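J.: okay, sequence plus prediction incoming.
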Amino acid sequence: MENTFEPVLGPEAYTDDWYQARRKTIGASEASAVLGWSKYKQPLDVYNSKLNPDGGQGGVMSEAMQRGKDFEAVCLLKYGRRVGGTVYHDVPMLIHPDHKFMSSTPDALWCEGSVNFDKLPWSYSLDYIPVEAKTTEVEREYGNEGTSEIPACYIIQSQQHMAVTGKKRCDVPVLMGFRLKLYVVERNQDIIEALLLAEKEIIERVENNDPPEINWEHPKTLELVTSLYDVTNETLMLSEENCERWLEVEKIKEQRRGLDERERSLKALIQGEMENCGVGRMMDGREIVRSKQKRGAYEVAACEFVTLRCRNQK
């Protein structure tokens, strides 16, 4: 069965041209941030990455990206053994044929039946589905195999793959240690329409030099704001509102210090009663377990960072 909806082929993944092309499009890994569903980034982060000459990646894969690529091959190998058919790995950037600002680079494409790549090159007219491979050590974020019970950001990423390829399903094989679990995300046109609107807005904002507003409640906003501004010798008289905020920061620090001390004290009392026992059974049936842990030596790479503290006026 042939596919009548064909994406535009972009650069090979992780090449210089690919990083440059990311400046002009919103990729699947950025989709959840654009919608405000990511706990790692917000729309302003995506906006700023489009202003960077290398797409915000330095022209190379980050450590997290490299780790994902290293385990991706194993995940896709196990996936291929599970489902059979043909798993095509060398997927370039794919661009929506009608909305050039929307792109995706699936980890693989799967089609039923066997394709001999020595005799027949991959064809995007085949009836294939996109595949997004994941690895995790946090199994509690995933539900029953065969469902779409996966983190929301991966659901959004899968929806973008389907939007760009025109498909109705995206497979998400997840490597959990040595075990593979397979999840399936079905196309949701409402989410895709929301993505089209949000991504078009970001690209238009980039073209008009009009950054989106900061989400001050986002967990990564402090890192974002810190990255936006340099440190100079200038002095600013803070507003009364921000002076009150700093006083609140000091109260929180003091409360946290007191809670940490209380926690250590309580643990000492519990371990004192347990003595050499490895397990202490609680009244509600749960168990407190003592065990020896080993931590290998490690080095922290040199880096530059910005701190925020209070001092007496000079």
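T.: Done, it's in.
J.: any idea how far Thr221 is from Asp230?
T.: Separation of Asp230 from Thr221 (C-beta to C-beta, to the nearest Å) stands at 18 Å. In short, each C-beta sits where N, CA and C put it, glycine included.
J.: the more surrounded of these two?
T.: Thr221 (15 against 6; other C-beta atoms under 10 Å).
J.: how about the strands in the stretch 51-200 of the chain?
T.: Secondary structure of the stretch 51-200 of the chain (DSSP state E, counting those that start in this stretch): strands at 86-88, 94-95, 103-104, 108-111, 128-131, 134-136, 169-176, 179-186.
J.: can you put these in JSON lines and add mean pLDDT and distance to Glu287?
T.: Converted to JSON lines, these look like this (pLDDT from 0 to 100; distance: least, C-beta to C-beta, whole Å):
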{"stretch": "strand 86-88", "mean pLDDT": "93", "distance to Glu287": "44"}
{"stretch": "strand 94-95", "mean pLDDT": "96", "distance to Glu287": "51"}
{"stretch": "strand 103-104", "mean pLDDT": "97", "distance to Glu287": "46"}
{"stretch": "strand 108-111", "mean pLDDT": "94", "distance to Glu287": "43"}
{"stretch": "strand 128-131", "mean pLDDT": "95", "distance to Glu287": "41"}
{"stretch": "strand 134-136", "mean pLDDT": "92", "distance to Glu287": "26"}
{"stretch": "strand 169-176", "mean pLDDT": "96", "distance to Glu287": "25"}
{"stretch": "strand 179-186", "mean pLDDT": "96", "distance to Glu287": "26"}
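J.: let's verify the closest residue to Ala198 other than its chain neighbours: helix, strand, or coil?
T.: What sits nearest to Ala198 in space, not counting adjacent residues and going by C-beta to C-beta, 6 or more residues apart in numbering, is Val34, at 4.6 Å. Under DSSP: H, G, I helix; E, B strand; the rest coil, Val34 falls in the helix class.
J.: isn't Val34 right up against Pro43?
T.: Yes. With contacts counted by C-beta atoms under 8 Å, Val34 reaches Pro43, the gap being 5.6 Å.
J.: more neighbours, those two?
T.: Using other C-beta under 10 Å as the criterion, Val34 and Pro43 rank with Val34 on top: 28 against 24.
J.: winner for burial among the strands of the stretch 51-200 of the chain?
T.: Ranked by average neighbour count under the criterion mean count of other C-beta atoms under 10 Å, the strands of the stretch 51-200 of the chain are headed by strand 103-104 at a mean of 27.
J.: partners of it in the sheet?
T.: The pairing partners recorded for strand 103-104 under DSSP bridges are strand 94-95 (antiparallel).
J.: residues in contact with the strand it pairs with?
T.: 7-10, 25, 102-106, 164-165 (C-beta atoms under 8 Å, 6 or more residues apart in numbering).
J.: go again with 7 Å.
T.: With C-beta atoms under 7 Å, 6 or more residues apart in numbering as the test, strand 94-95 has contacts from 7-10, 25, 103-105, 164-165.
J.: quick one: which of these sit in helices?
T.: Among the contacts of strand 94-95, the residues falling in helices (DSSP state H) are 164-165.
J.: of the contacts of strand 94-95, which pair is most distant in space?
T.: Within those, two members stand farthest from each other by C-beta to C-beta: Thr25 and Thr165, at 14.6 Å.
J.: returning to what we had before: overlap in contacts, Val34 and Pro43.
T.: By C-beta under 7 Å, 6+ apart, the residues touching both Val34 and Pro43 are Ile202.
J.: the stretch 101-250 of the chain: helices as residue ranges?
T.: 152-165, 189-207, 221-228, 240-274 (DSSP state H, counting those that start in this stretch).
J.: pull the CA atoms of the shortest one into CSV?
T.: Once non-C-alpha atoms are left out, helix 221-228 reads as follows in CSV (Å, rounded to 0.1, in the frame of the first residue of the first chain):
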residue,chain,number,x,y,z
THR,A,221,12.9,29.5,34.8
LEU,A,222,15.8,30.4,37.2
GLU,A,223,18.3,28.7,34.8
LEU,A,224,16.6,30.4,31.8
VAL,A,225,16.8,33.9,33.4
THR,A,226,20.3,33.3,34.5
SER,A,227,21.4,32.5,31.0
LEU,A,228,19.8,35.6,29.5
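J.: check which helices and strands it sits against.
T.: Contacts defined by 3 or more C-beta pairs under 7 Å, 6 or more residues apart in numbering; DSSP states H and E place helix 221-228 against no helix or strand at all.
J.: show me how far that helix is from its chain's centre.
T.: Helix 221-228 sits 18 Å away from the centroid of its parent chain (C-alpha atoms, centre = their mean, to the nearest Å).
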